[in-house]
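Undergrad: please find the sequence and the predicted model below.
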Amino acid sequence: MSYTNFDLVEVRSLRPDHKSIYAKRDIAEGSLLGFFDGEARVAELAELEAQKGNDSFFWRQSVHLRIVGSQLLYLIPVSEPDGVDYLNHNCRANTRVEDQLYVYASRDIRAGEELLADYRTFNLVSEDIPCWCPEPRCLI
């Protein structure tokens with residue numbers, strides 16, 4: 001399970017099958033919100049190309065670490081996702097992910113705001129699905 005600073009962050013259900021994280025209180029720019037961890041695995045990039053567009057656990061929860069040759073090194077949760085594992089995408093993110101692992105507030109965040117990251121800045125292999133942000137629509 002990933003580490004989450006639950007003094008700053010809470011998980012909320014958006015609908016029965018979808019969760020997100022929100023600021024419990026005002027958060028200062030630069031605050032560490034959490035970091036990802038999991039079991040290290042390797043995937044062939046060609047196999048991932050064939051899976052694009054599938055709403056799978058891999059695409060929802062994998063943390064891409066590095067591409068080496070034709071392989072992606074990644075982490076996958078070994079326990080039930082929680083906290084920063086529910087960080088959702090937005091082109092106008094209020095968090096940033098550094099070194100593929102660490103989640104920081106990229107600006108001051110008000111209590112009650114949904115915490116969002118731009119997946120394009122840290123996913124090394126795009127799923128190539130249109131995002132749900134307002135215009136312009138990107139591929140994540």
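TA: Yes, it's here.

Undergrad: for the most centrally placed residue in the chain, which non-adjacent residue is spatially closest?
TA: Against the mean C-alpha coordinate of the chain, by C-alpha atoms, centre = their mean, the closest residue is L87 at 4.5 Å. Closest residue to L87 in three dimensions, ignoring its sequence neighbours and counting by C-beta to C-beta, 6 or more residues apart in numbering: A117, at 5.1 Å. C-beta coordinates here come from the backbone N, C-alpha and C atoms, glycine included.

Undergrad: one more: K24?
TA: With sequence-adjacent residues excluded and distances taken as C-beta to C-beta, 6+ apart, K24 is closest to E10, at 4.9 Å.

Undergrad: contacts for the one helix or strand the one you found maps to next, please.
TA: Using DSSP states H and E, E10 maps to strand 9-15. For strand 9-15, the surrounding residues in contact (C-beta atoms under 8 Å, 6 or more residues apart in numbering) are 19-24, 33-34, 82-84, 86, 115.

Undergrad: what's the pLDDT at R137?
TA: Turning to R137, the model gives it a pLDDT of 68.

Undergrad: just give me the neighbour total for F57.
TA: Using other C-beta atoms under 10 Å, F57 has 11 neighbouring residues.

Undergrad: which one is it nearest to, not counting chain neighbours?
TA: Once chain neighbours are set aside, the closest to F57 by C-beta to C-beta, 6+ apart is I76, at 7.7 Å.

Undergrad: contact partners of the worst-scoring helix or strand of the chain on mean pLDDT?
TA: Of all helical and strand segments in the chain, the minimum by mean pLDDT, DSSP states H and E falls on helix 57-61, at a mean of 78. Residues lying outside helix 57-61 but in contact with it, judged by C-beta under 8 Å, 6+ apart, are G38, A43, Q51, I76, P77, P81, D85, E127.

Undergrad: buried ones in it, by neighbour count?
TA: Along helix 57-61, the positions that meet the burial threshold by neighbour count (16 or more other C-beta atoms under 10 Å) are W59, Q61.
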